[in-house]
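J.: need a 3D model of the following:
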Amino acid sequence: MRWAASLDMYRKVPTDLLEGTKRGSILSYGALALMLTLFLMETRAYLKGYFSPAWVADLALDDNVDSRVMVNFNITMMDLRCDWAVVDAVSDLGTQQNITAHVNKWNVDGGGIRQRYQGRNRQQHDIELFDSSIIHTHEELIAHKEDAIRLDPETFQYAVKDFEFVFMDFYASWCSHCRDLAPTWETLAKVMDSAALSIVNDSVEQEERHKWTIEDYEHAKMVEKPVLIAKVDCVDHQQFCNLNQIRAYPTLRLFIDGKHNDDYRGHRTVVEMADWLHLKEVQHNTDLEASETATSVAAEAARHRMSLYGQEKEWVDDVQKRQAEHGRSQRSGSNWRDDEHPGCQIAGTLMLDRVPGNFHIMARSNHHDLVPHMTNVSHIVHELTFGESVRQRTALSKEKGRLPQEVQDKFAPMNGNVYVTEGLHEAYHHHLKVITTDLRKATKKDNFKAYQIIQSSQLSFYRNDVVPEAKFIYDLSPIAVSYSTKGRHWYDYVTSLMAIIGGTFTVVGMMESGINAAMSKRRQYRR
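T.: Numbers count the residues shown, from 1 in each chain. Predicted structure coming up:
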């Protein structure tokens, strides 16, 4: 085993051959200080990587096999009633779904205070749009006289002054729902007129009886105070309708003592509307004295109804006189009233196909024709994320401070943004590029999938006859991003320490040798 004995990688130099120098001592202390500094820095980096591993980004084709993706949203429509707020989703596969029935809605008043929404998330097919028991056309009903009084901005002032209750139909001549309602509205006017008269003298012309049912008549008699059944054409008097914040046709509005009391939203039958008027009358007159009889009130109703056409002629004459003197004028502009601009907070989740598509929030009603220029879809995005919201939020909160801030911001870039439309016939459209993001940790159970969003919003303009909508257009990127944690193994740390020690010793030794050689040559040159 001579060869084994001859193997010695650490041969010793005799001590008497070694020579210490001042220069060597200084370099040795410097080498030790350098090694200690590098040792501490390496140890700190190792501990940081061990307890807080760094994220490394990688790009690859998206291999996600899920057929659908979840969208979480919480959006407040700042000037859209919950009755009309509808959420639709459309994909490029041709599938379309109304998911309004699967979301929560809350009324928001003008002060931004959320209130419970008492209505149902319904398609509104269950509302009767007209009284099917009326067999006569509107033309036949008004052949002799028209009981539903036509008003304009001028005569309206006389109407609310002379009548405590004014039930008004704001309609448009082009509105199909308004045309369907016209016979019902005229019949309501006739039956209310005759019922008021019959309370006094119990006489109803027999030729009129066939135009409504006995049930209509009996329910109309329950309304004791005079109610003026009127209507106004918003095509001819658009500014007047705008001042009254009419956003859909027909709008059936009750004025009491000249002030807007409530809008009727029930079944559009004579019986239902007569019962509703009776309920409003009871609510308004709870302080009436018990001694006041129906006969005296009905007598007042009869006097008003019998003299109505004389008053109407007087109104028209007065209007013509004023127009001749001052010319036709209408008020311009309007004052904002919070109670006329209710909002709606909409929150829920959607399961969308993993193909390009869009979901949008719009104003729609199956028993109204909405006014496009009065539709305002300004909105606040409280939350808009893709993926499992709770799990994603929990996982990202744990990684706060580790992931780069610009990456964290892309998981919910629209949260807290406000999009206000200042003009008419416009709405914001949001284009969303959705990127699958895999966050891979040291253990498989800690891995989770999230979605980054690259968002761009632009103001879009609509034709005058199209109702604006807040649209969210999404497209999933074919490229996925994966972030994996990269820590350090213990043997990497040990290797680095040995490299520090050996490298420092070698480099400082080379420096000392170089300095020594230079000094030796200088001494020889001097000699």
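
J.: show me the shaky parts of the stretch 101-250 of the chain.
T.: With pLDDT under 70 as the threshold, the stretch 101-250 of the chain has low-confidence stretches at 101-102, 110-126, 195-225.

J.: now the strands for it?
T.: Residue ranges of the strands in the stretch 101-250 of the chain, as given by DSSP state E, counting those that start in this stretch, are 104-108, 114-116, 149-150, 165-171, 227-233, 248-249.

J.: how about residue 501, nearest residue that isn't a chain neighbour?
T.: residue 35 (5.9 Å; CB to CB, 6 or more residues apart in numbering). (Glycine included, C-beta is placed from N, CA and C.)

J.: repeat for residue 472
T.: Leaving out its chain neighbours, the residue that sits closest to residue 472 by CB to CB, 6+ apart is residue 430, at 4.9 Å.

J.: what does residue 496 give?
T.: The shortest distance from residue 496 to any residue that is not its chain neighbour, by CB to CB, 6+ apart, is 5.1 Å, and that residue is residue 42.

J.: what helix or strand is the one you found located in?
T.: Residue 42 belongs to helix 22-51 when elements are defined using DSSP states H and E.

J.: now do the buried residues in that helix.
T.: By neighbour count, with 16 or more other CB atoms under 10 Å as the criterion, the buried positions of helix 22-51 are 27, 31, 35, 38, 42, 46, 49.

J.: for residue 509, see how far away the fourth one is.
T.: Just to be clear, that refers to residue 38. Applying CB to CB, to the nearest Å, one obtains 16 Å for the distance of residue 38 from residue 509.

J.: packing partners of the helix holding residue 42?
T.: For helix 22-51, the helices and strands in contact under the criterion 3 or more CB pairs under 8 Å, 6 or more residues apart in numbering; DSSP states H and E are helix 490-526.

J.: is the residue sitting nearest the centre point of the chain in a helix, a strand, or coil?
T.: For the chain, the residue whose C-alpha lies nearest the mean C-alpha position (CA atoms, centre = their mean) is residue 75; its distance is 2.9 Å. On the three-state scheme (DSSP: H, G, I helix; E, B strand; the rest coil), residue 75 is labelled strand.

J.: quick check: it touching residue 350?
T.: No: counting by CB atoms under 8 Å, residue 75 sits too far from residue 350 to count as a contact (11.9 Å).

J.: now tell me which helix or strand of the protein has the poorest mean pLDDT.
T.: For the chain, using mean pLDDT, DSSP states H and E, the weakest element among its helices and strands is helix 294-306, scoring a mean of 40.

J.: ok, the nearest residue to residue 462 once chain neighbours are set aside - contacts?
T.: The shortest distance from residue 462 to any non-neighbouring residue, by CB to CB, 6+ apart, is to residue 425 (4.6 Å). Under the criterion of CB atoms under 8 Å, 6 or more residues apart in numbering, the contact partners of residue 425 comprise 372-373, 461-464, 466, 468.

J.: before we move on, what about residue 128?
T.: If you count contacts by CB under 8 Å, 6+ apart, then residue 128 has 267-269, 272 around it.

J.: I'd like the strands of the stretch 101-250 of the chain as CSV, with distance to residue 516 appended.
T.: Supplementary listing: the strands of the stretch 101-250 of the chain in CSV, determined by distance: least, CB to CB, whole Å:
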stretch, distance to residue 516
strand 104-108, 84
strand 114-116, 83
strand 149-150, 116
strand 165-171, 105
strand 227-233, 109
strand 248-249, 98
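
J.: of these, which is nearest residue 179?
T.: Minimum separation from residue 179 across those (CB to CB) falls at strand 165-171, 8.6 Å.

J.: may I have the strands that pair with that closest one, each with its orientation?
T.: Take DSSP bridges as the rule and strand 165-171 pairs in its sheet with strand 227-233 (parallel), strand 251-256 (antiparallel).
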